[in-house]
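Peer 1: 3D, please:
(2 chains)
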2 protein chains.
Amino acid sequence: MFGTVVDWRSSIIAELKEFGRRHDAHRDWAAVADSWRAGYVPAMDRVRRGELPWMTIDDLHRMILVELLEAVGLESVGADEVDHLNRAWHRLNPWPDSVAGLERLKRQHVITTLSNGNVSLLTNMAKRAGLPWDCVISAELFRRYKPDPEAYLGCAELLDVAPGELMLVAAHPADLRAARSAGLSTAYVSRPLERGPRRPQRRVEHGEFDVTATDFLDLADKLGA
Amino acid sequence: MFGTVVDWRSSIIAELKEFGRRHDAHRDWAAVADSWRAGYVPAMDRVRRGELPWMTIDDLHRMILVELLEAVGLESVGADEVDHLNRAWHRLNPWPDSVAGLERLKRQHVITTLSNGNVSLLTNMAKRAGLPWDCVISAELFRRYKPDPEAYLGCAELLDVAPGELMLVAAHPADLRAARSAGLSTAYVSRPLERGPRRPQRRVEHGEFDVTATDFLDLADKLGA
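Peer 2: Below you'll find the predicted structure:
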């Protein structure tokens, strides 16, 4: 979801800049956005290792955000405004091809989220962005974050299909490798701008995944949808 | 869902009749449909009381179906065909107003299922019938069937809203009463033909629920959607 279907970085930078304008606070908001995102995997891994109790991505994002606001001298912002800013992750914009590609895929397949984002985040995001999911499945339902196998297998169980009948589509090789280990089919979609311009591209071995696509329209082409 | 959004009875009778034709078996298929549905609440209550382990509605429907096929002398039907017939509950047709009413409600509200039907059933049904849910929430996610309060409260928690911000829409007063006890708003939609023609209508006290509507278009009118 984050990076595969929606462009988290430009959306979060825009929300942070707007927040900065309201507070007349000039900061390097792109760097804050990158730090916010960079804090997500380590925080989630603390939950995965049991060092933190179960927390949703909204909870984890807020914990990281509070630290970042302190770091940039904006710790006095009220809780309601922090909540609103934290829910910027519910308001991410899709990549230009996402909605049209999903509409095509949906004609021939059941399309669902399988994200570490919580259900309310995924639901609000889909509604705002027009993402036409048939189902909204989240790691929250299993209380096991990807790449733990329980998340992939739990998704197959809820949809009542064999793992091999389920294809994970992602821009993240580690996610895809874990899905493949759990028995799922895999499709890699490259999103070269996910982390901003001029960033090193992810390395994917030739033939490592069942399908490789440049975006969701190319994926629909390659799946005959 | 069953009876509120979709017309389970005419759909199930049609599937049973088709099944009967394939097997050249003349039976009172309307009575079989009614028995199938009548078996659902007692079976679910056995799960609720802990007399049966957790089983999905697909599992419970199949358990009842196997007994009914025995009772009408068709116990020799193959397992694959029983599975297919059992999934008739994934292929129910909506009432004529459901899709248009939901489309209107969706413009102003987040609309979700909150059904005892399992996630795959709800997902397949929505896809086939064009039900435009923003989210697919099932008692399966909580392993607690309605009218247990955990199902209503679990739905509010997943959507990250207070129980009072959530409105249950149903044609079933017992479901609505349990939702109200859990703190939800309630809307009763009358479905006089749910259990077939010339059946006694359910009794609802005046003012018992927040909204009373004759169908989903009337509900959209009354909610200003």
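
Peer 1: Please report how far the spatially most distant residue from the centre of chain A lies from A:Gly224.
Peer 2: Computed with C-alpha atoms, centre = their mean, the residue of chain A farthest from its C-alpha average is A:Asp24, at 29.9 Å. As judged by C-beta to C-beta, to the nearest Å, A:Asp24 and A:Gly224 stand 54 Å apart. To be clear about C-beta, it is placed using only N, CA and C from the backbone, and glycine gets the same treatment.

Peer 1: Could you give the average pLDDT over stretch A:7-25?
Peer 2: Per-residue pLDDT over stretch A:7-25 has a mean of 97.

Peer 1: how near is the residue farthest from the centre of chain A to A:Leu74?
Peer 2: Distance from A:Asp24 to A:Leu74, by C-beta to C-beta: 11 Å.

Peer 1: ditto for A:Ser181
Peer 2: Distance, A:Ser181 to A:Leu74, by C-beta to C-beta: 42 Å.

Peer 1: Please parse chain A into its domains.
Peer 2: A:8-90, A:97-223 (the TED database).

Peer 1: And the helices in chain A?
Peer 2: A:8-22, A:29-38, A:40-48, A:57-71, A:79-86, A:98-108, A:119-129, A:149-159, A:173-181, A:216-222 (DSSP state H).

Peer 1: quick one, the first one and helix A:79-86 angle?
Peer 2: Orientation of helix A:8-22 against helix A:79-86 (axes from the mean of the first three to the mean of the last three C-alpha atoms, to 10 degrees) gives an angle of 150 degrees.

Peer 1: what's in contact with helix A:8-22?
Peer 2: A:2, A:25-27, A:29-30, A:32-34, A:36-37, A:81, A:85, A:88-89, A:91-93, A:193-196 (C-beta atoms under 8 Å, 6 or more residues apart in numbering or on different chains).

Peer 1: Any of the residues you listed buried? List them.
Peer 2: Among these, those classed as buried by 16 or more other C-beta atoms under 10 Å in any protein chain shown are A:2, A:27, A:29, A:32-34, A:36-37, A:85, A:88-89, A:91-92, A:194-195.

Peer 1: Nearest to chain B among the residues you listed?
Peer 2: Checking the buried ones among the contacts of helix A:8-22 against chain B by C-beta to the nearest C-beta gives A:Trp89 as the nearest, at 12.4 Å.

Peer 1: Stretch A:156-163: end-to-end distance?
Peer 2: End-to-end distance of stretch A:156-163 (C-alpha to C-alpha, to the nearest Å): 5 Å.

Peer 1: Check stretch A:209-223 too.
Peer 2: One end of stretch A:209-223 to the other measures 14 Å (C-alpha to C-alpha).

Peer 1: interface residues of chain A facing chain B?
Peer 2: A:58, A:110, A:112, A:118-120, A:123-124, A:126-127, A:134-137, A:140-141, A:158-161 (C-beta under 8 Å from any C-beta of the partner chain).

Peer 1: now do 6 Å
Peer 2: For chain A, the contact set with chain B under C-beta under 6 Å from any C-beta of the partner chain comprises A:Val119, A:Ser120, A:Thr123, A:Lys127, A:Asp134, A:Cys135, A:Val136, A:Leu141, A:Leu158, A:Leu159, A:Asp160.

Peer 1: can you pull the contacts of A:Ser115?
Peer 2: A:Met1, A:Leu122, A:Ser138 (C-beta atoms under 6 Å, 6 or more residues apart in numbering or on different chains).

Peer 1: Return the residues in contact with the first one.
Peer 2: A:Met1 sits next to A:Ser115, A:Gly117 when contact means C-beta under 6 Å, 6+ apart.

Peer 1: and the gap between the residue farthest from the centre of chain A and chain B?
Peer 2: 31 Å (C-beta to the nearest C-beta, to the nearest Å).
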